[in-house]
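In: My questions are about this predicted structure, shown below with the sequence.
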Amino acid sequence: MMRSDKIKKGLERVPQRALLYATGLSRKDFDKPFIGVATSFTDLIPGHIGMRDLERFIERGICCAGGVPFLFGVPGICDGIAMGHLGMCYPLALRELVADIIETVVQAHQLDGIVCLTNCDKITPGMLMGISRLNIPAIVVTAGPMLSGRYKLRKLAFVHDTFEALAKAKEGEISSQELSSLEQEACPGQGSCQGLYTANTMACLTEAMGMSLVGCATSLAVSAKKRRIAQASGERIVELVKKKIRPRDIITKESIENAITIDMALGGSTNTVLHLMALAHEAGLDLDLKTFDRISRNTPHITNLEPAGPYFMEDLEYAGGIPAIMKRLKDKLNNCLTLSGKEIYEIADSAQIFDEEVIRPLNKAYHKEGGIAVLFGSLAPDGAVVKQTAVSPKMLRFIGKARVFNQEEEAMKAILDKKIKKGEVIVIRYEGPSGGPGMREMLAPTSAIVGMGLDQDVALITDGRFSGGTKGPCIGHVSPEASCGGPIAILKDGDIIEIDIPKRKLEIKLSKQEIEERFRDYKPIPPKIKTGYLARYSKLVSSADKGAILI
């Protein structure tokens, strides 16, 4: 018996069948599996504009394998377009909406299986959360990375050549003509942004967990390979339905640890900490910040992609992709089953490494430890995260005076107005999951710091989060957040902050008595948004150290 029999079989289902016939189904279709295709196509997001083509190939695969495809839409937000204004309050909150939409549509129509066509930052984890919650046969197709841009034969990347170029233009280091050329050429077409930012990191981790077919993560958005993977995914979902293979057969504690290991080796986005913890919650698994740090300490960083390094996703693809990373890390990975039917060790053994510099041997790693470090201390009792592989050796340990701002815009103005001095620690608070609300990404100020040439002299700390495109000594996810009474709320200008990434410390140099006295006078800032979805989200969302899930 199929799940969809509940809407198509038996005398009492005459009305439902009448409605289904109205969609164009034929009588023989009622004996086939009903497969949902959740597509986040939109004209608004470069990473999603090519999905109409991939939808066709997914449909072709489903039909070839004997299923009936039903497309339905899932909303998408482009984090880059939403950044730097009110819009950035919405992307993380969108993640929960995506999961809820997947659950709602699939349960309402009792679909037998689902293909999730996704690409960008919060949509991919939202879909993973939704299918894990449902636990019906499912497969993920990520739509692929964008090609690098070109300007005077130089390869361009979105973050480096737009956000950082903005600050350089303000300093007079590049002309308005060059800036105009960069903004037109940095993103040459469809696909997720070219570096190891959140979208591409999540695509890589989805493949690493076994929830997409081999090669899906890095195959380029413009490639015929991506079309073939889309069709194969459509065929595979029908097999998964017949074999009753479900997401929680694949998303296990061991496969999530594989994803973290590959994340650390890649040097991926810090946002993955939030997303993997939220996914683990949906799958009924225990996962905490210490697991990330434990794995990071034992996993060398073997790729050096944008924004931290010179390579692009296209370089990783041509070097062998995620299978090649698995080959390097085989002894550190669990031999889990993947949706392809292959186990991790089989994929690793059959992989080839075509570029020893893009994917280095473990004994020649770029860094001995992985991409992310988790810090604790008097300023972050419940933890904070930093992409340590994007921090220069000089800034791994830093002591500076706090410059405190209660929102991103205040800090951004101070940076561009040259009011930030060397040796200071920029503190941006009331930007956490609840206080933001929505835990805005701080790519604009971090890129401005780099563009203004301050990344070797200034650190940034926030209870918000950072884009995968962030580099430098930027510490996010400070927990508890300011609006929930975390120590970051009582900081004042001039307070001494100590950052020690190798020792995993984030400290405020105040005595216990001084901290207690300040908390007696502490009054949180009232909520910034009092109506609509974000007001509800603010009341329900958990702390960053719990994955910013709704509770």
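Out: Structure received.

In: I figured residue 406 hits residue 432, correct?
Out: No: Residue 406 lies out of contact with residue 432 (C-beta atoms under 8 Å); the separation is 12.0 Å. C-beta: built from backbone N, CA, C; applies to glycine.

In: So for these two, which residue has more residues nearby?
Out: residue 432 (31 against 17; other C-beta atoms under 10 Å).

In: Could you measure from that one over to residue 302?
Out: Distance check for residue 432 against residue 302: by C-beta to C-beta, to the nearest Å, it reads 33 Å.

In: What about residue 71, how many residues nearby?
Out: 15.

In: give the contact list for it.
Out: Residues in contact with residue 71 (C-beta atoms under 8 Å, 6 or more residues apart in numbering) are 36, 37, 39, 55, 59.

In: Just the residues you listed: which are in helices?
Out: 55, 59 (DSSP state H).

In: Show me which of the contacts of residue 71 is closest to residue 393.
Out: Nearest to residue 393 among the contacts of residue 71 is residue 39, at 44.4 Å by C-beta to C-beta.

In: my guess is residue 165 contacts residue 171, does it?
Out: No: counting by C-beta under 8 Å, residue 171 is not a contact partner of residue 165; they are 10.5 Å apart.

In: ok so, going back, adding pLDDT and distance to residue 111, write the contacts of residue 71 out as a markdown table.
Out: Output for the contacts of residue 71, formatted as a markdown table (pLDDT from 0 to 100; distance: C-beta to C-beta, whole Å):
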| residue | pLDDT | distance to residue 111 |
| --- | --- | --- |
| 36 | 98 | 4 |
| 37 | 98 | 10 |
| 39 | 98 | 14 |
| 55 | 98 | 16 |
| 59 | 98 | 15 |
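
In: closest to residue 368 among the contacts of residue 71?
Out: residue 39 (41.7 Å).

In: burial measure for the closest one, as a count.
Out: Neighbours of residue 39 using other C-beta under 10 Å come to 23.

In: Could you pull up the residues touching it?
Out: Going by C-beta under 8 Å, 6+ apart, residue 39 touches 51, 55, 71, 72, 73, 74, 117.

In: and the residue nearest the centre of the chain, what is it in contact with?
Out: Of all residues in the chain, the one closest to the mean position by C-alpha atoms, centre = their mean is residue 198, 3.6 Å from it. Neighbour list for residue 198: 79, 120, 121, 122, 269, 271, 272, 467, 468 [criterion: C-beta under 8 Å, 6+ apart].

In: May I ask which helix or strand of the chain has the lowest mean pLDDT?
Out: Ranking every helix and strand in the chain by mean pLDDT, DSSP states H and E puts helix 164-170 at the bottom, with a mean of 77.

In: tell me which strands and helices that one is in contact with?
Out: With contacts taken as 3 or more C-beta pairs under 8 Å, 6 or more residues apart in numbering; DSSP states H and E, helix 164-170 sits against helix 176-185, helix 408-416, helix 443-451.

In: Mean neighbour count for those - can I get that in TSV?
Out: Formatted as TSV, the helices and strands packed on helix 164-170 follow (neighbours: other C-beta atoms under 10 Å):
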stretch	mean neighbour count
helix 176-185	14
helix 408-416	19
helix 443-451	26
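
In: Any idea which of those helices gets closest to residue 248?
Out: It is, among the helices and strands packed on helix 164-170 and with distance given as C-beta to C-beta, helix 443-451, at 34.0 Å.

In: so how far is the helix or strand following the closest one off the chain centroid?
Out: Scanning forward in sequence from helix 443-451 by DSSP states H and E, the next helix or strand is strand 459-462. Centroid separation for strand 459-462 versus its chain: 20 Å, with C-alpha atoms, centre = their mean, to the nearest Å.

In: and what of stretch 449-458?
Out: With C-alpha atoms, centre = their mean, you get 25 Å for stretch 449-458.

In: got the end-to-end distance for that stretch?
Out: Distance across stretch 449-458, first residue to last, is 8 Å (C-alpha to C-alpha, to the nearest Å).

In: likewise stretch 278-295?
Out: End residues of stretch 278-295 are separated by 18 Å (C-alpha to C-alpha).

In: So what's the gap between it and the chain middle?
Out: 15 Å.

In: export the contacts of residue 39 to JSON lines and tack on secondary structure and distance to residue 132?
Out: Shown next, in JSON lines, are those (DSSP: H, G, I helix; E, B strand; the rest coil; distance: C-beta to C-beta, whole Å):
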{"residue": "51", "secondary structure": "helix", "distance to residue 132": "22"}
{"residue": "55", "secondary structure": "helix", "distance to residue 132": "23"}
{"residue": "71", "secondary structure": "strand", "distance to residue 132": "21"}
{"residue": "72", "secondary structure": "strand", "distance to residue 132": "19"}
{"residue": "73", "secondary structure": "strand", "distance to residue 132": "21"}
{"residue": "74", "secondary structure": "coil", "distance to residue 132": "15"}
{"residue": "117", "secondary structure": "strand", "distance to residue 132": "17"}
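
In: Which PyMOL command selects the buried ones in the contacts of residue 71?
Out: To isolate the buried ones among the contacts of residue 71 in PyMOL, judged by 16 or more other C-beta atoms under 10 Å, type:
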select buried, resi 36+37+39+55+59
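
In: how far away is the residue lying closest to residue 43 once chain neighbours are set aside from residue 94?
Out: Once flanking residues are discounted, residue 43 sits nearest to residue 49: 6.2 Å by C-beta to C-beta, 6 or more residues apart in numbering. Distance, residue 49 to residue 94, using C-beta to C-beta: 18 Å.

In: residue ranges for the strands of the stretch 1-150 of the chain, please.
Out: Along the stretch 1-150 of the chain, counting by DSSP state E, counting those that start in this stretch, strands occupy 34-39, 68-73, 113-118, 138-142, 149-151.

In: Can you say which of the ones you listed is nearest to residue 515?
Out: strand 113-118 (43.5 Å).

In: So what are the sheet partners of the closest one and their directions?
Out: Looking at strand 113-118 with DSSP bridges, its partner strands are strand 34-39 (parallel), strand 138-142 (parallel).

In: what comes up buried for that strand?
Out: Buried, per 16+ other C-beta under 10 Å, within strand 113-118: 113, 114, 115, 116, 117, 118.
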